[in-house]
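Engineer: Structure, please.
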Amino acid sequence: MTTSCVPSRKALSKITTNRLQKELVEWQMNPPTGFKHKVTDNLQRWIIEVIGAPGNLYANDTYQLQVDFPEHYPMESPQVIFLHPAPMHPHIYSNGHICLDILYDSWSPAMTVSSICINILSMLSSSTEK
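Structural biologist: A predicted model of the protein is given here:
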């Protein structure tokens, strides 16, 4: 099922599908603290709720991340953005795009959705201005 507002995507490779299914099972058994995966039937797009860690500027604030996986994940990095309203942060653009090196030049196939989330929460937690 496609609609005009959803960009068409190539089908996931078998390697990608297997990797994402494995990550999803691991997430369900041991989710990273401060994150909740919103269950859908779309393995290629995950919606993740982020709850700001206690003791920082974003404590208890709730945001949503959208993670879109390319055809050849994990060899290619996923696109990770904050859905509106995005947190006010020096490394997050108003359109929700995140300036974080692991999502671009420093991407490694060893990274997982959980490790991405932990890095994003660390980025939020270390901010001294909102």
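
Engineer: what mean pLDDT does stretch 105-125 have?
Structural biologist: Stretch 105-125 carries an average pLDDT of 95.

Engineer: Ignore what I typed, I meant stretch 27-42.
Structural biologist: On average, the pLDDT along stretch 27-42 is 91.

Engineer: For it, which residues meet the burial criterion?
Structural biologist: 27, 32, 34-35, 37 (16 or more other CB atoms under 10 Å). For the C-beta atoms, the positions are set from N, CA and C on the backbone; glycine is no exception.

Engineer: Find me the pLDDT at R45, would you?
Structural biologist: R45 is assigned 96 on the pLDDT scale.

Engineer: packing partners for the top helix by length along the chain?
Structural biologist: Counting residues, the longest helix found in the chain (DSSP state H) is helix 14-29. Helix 14-29 sits against strand 35-38, helix 113-125, with contacts defined as 3 or more CB pairs under 8 Å, 6 or more residues apart in numbering; DSSP states H and E.

Engineer: How about residues contacting the first one?
Structural biologist: Which is strand 35-38. By CB atoms under 8 Å, 6 or more residues apart in numbering, the surrounding residues in contact with strand 35-38 are 24, 27-28, 31, 46-51, 64, 114, 117, 121.

Engineer: can you rerun that using 7 Å?
Structural biologist: 27, 31, 46-50, 117 (CB atoms under 7 Å, 6 or more residues apart in numbering).

Engineer: Buried subset of those, written for PyMOL?
Structural biologist: Of the contacts of strand 35-38, the buried ones go into a single PyMOL selection, burial set by 16+ other CB under 10 Å:
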select buried, resi 27+46+48+50+117
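
Engineer: can the contacts of strand 35-38 go into TSV with extra columns for distance to C99 and secondary structure?
Structural biologist: Shown next, in TSV, are the contacts of strand 35-38 (distance: CB to CB, whole Å; DSSP: H, G, I helix; E, B strand; the rest coil):
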residue	distance to C99	secondary structure
W27	25	helix
P31	25	coil
W46	20	strand
I47	21	strand
I48	18	strand
E49	21	strand
V50	16	strand
C117	16	helix
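
Engineer: Which one of the contacts of strand 35-38 is nearest to T128?
Structural biologist: Of all those, T128 sits closest to V50, with 19.1 Å by CB to CB.
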